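**Student:** here is my input; please provide its structure:
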Amino acid sequence: YRGGPGAWPGFTNGASDRRVALGGNRGVHVREAIRLEIPLEVVYAFWRRFENLPRFMTHLEQVDDLGGGRSHWVAKGPAGTTVEWDAEIINEVPNEVIGWRSIEGSDIATAGSVHFSTVRQGRSTQLSVNLQYSAPGGPAARWLAWALGRDPAHLIREDLRHVKQLLEAGEIPRATKEAGA
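**Tutor:** Have a look, this model is predicted:
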C-alpha cells in the first residue's frame, strides 16, 4: 500500500495536495448525526479530549494531543496496516464546533467538523459529524473497504451509537462468546 518513500500512493502530503485530494467529488464524504440524552457541555468536553475517541471509535488505535491545537492520530489501515496523521484544529467554538484538517507529512488527507447543538430545551445534544478524506489506495481501496463491510458511513454511524451508549449508560455493550459456543 505504501510506496517506496513511505507515503500512500497519490498523496504527497502538501496543503495544496490536500485540497486536490479532497476537492470536488474526490475523496470520501461522510455526514452522520445522533441525539444524545446528555447536556451539550458534557458531550463537548468528552469529545474535545481527543484521547477519549479510541474508546468508542473502533478504527482508531490512539490519539495524542500534541498541544497548540495539534494532535497525532493512529488508525487501523487495510490488511493489518496502520495509518497515521497529524491534524490541526482550524475552527473551534467551545460547545458549538470543532473543525480540523490533516497537516503536511500525514499518511492521509482528511478534514472535517463536529457540531454540537442543544435540543429538547437543553436536555439533549445533537451531535453532527462531517468528515472528508482521501482513502489510501484511491477508489479501488475504497471499493474494497466497502465490499469488506468497512463502509465509512457505516463505521461513523456505529461509532456514534457507541459514544451514545458510553455517555448515556457508562459502557459500550460487547457481544461475548460463551465457552463451548
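
**Student:** mind checking pLDDT for Arg150?
**Tutor:** The confidence metric pLDDT takes the value 60 at Arg150.

**Student:** my bad, Ile172
**Tutor:** For Ile172, pLDDT reads 68.

**Student:** hey, where'd the helices end up in this structure?
**Tutor:** 15-22, 40-48, 138-147, 152-169 (DSSP state H).

**Student:** quick one: mean pLDDT over the shortest one.
**Tutor:** Across helix 15-22, the average pLDDT comes to 46.

**Student:** check stretch 38-50 too.
**Tutor:** In this model, stretch 38-50 has a mean pLDDT of 95.

**Student:** got the CA positions of it in CSV?
**Tutor:** Taking Å, rounded to 0.1, in the frame of the first residue of the first chain, the C-alpha atoms of stretch 38-50 are listed here in CSV:
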residue,chain,number,x,y,z
ILE,A,38,-26.8,14.2,27.8
PRO,A,39,-26.2,18.0,28.3
LEU,A,40,-24.2,19.6,25.5
GLU,A,41,-21.4,20.8,27.8
VAL,A,42,-20.7,17.2,28.9
VAL,A,43,-20.7,15.8,25.3
TYR,A,44,-18.4,18.6,24.1
ALA,A,45,-15.9,18.2,27.0
PHE,A,46,-15.8,14.5,26.4
TRP,A,47,-15.2,14.8,22.6
ARG,A,48,-12.7,17.6,22.9
ARG,A,49,-10.4,15.3,24.9
PHE,A,50,-9.3,13.5,21.7
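
**Student:** list the contacts of it.
**Tutor:** With CB atoms under 8 Å, 6 or more residues apart in numbering as the test, stretch 38-50 has contacts from 36, 52-53, 63-65, 71, 94-95, 98, 114, 116-118, 122-125, 127, 163, 167-168. For every residue, glycine as well, the C-beta is placed using N, CA and C.

**Student:** which positions in it come out as buried?
**Tutor:** Neighbour counts over stretch 38-50 (16 or more other CB atoms under 10 Å) mark 38, 40, 43-44, 46-48, 50 as buried.

**Student:** ok, stretch 69-88 next?
**Tutor:** Neighbour-count burial for stretch 69-88 flags 71, 73-75, 77, 83, 85-87 (criterion: 16+ other CB under 10 Å).

**Student:** Val30: which of the buried residues of stretch 38-50 is nearest?
**Tutor:** Trp47 (16.3 Å; CB to CB).
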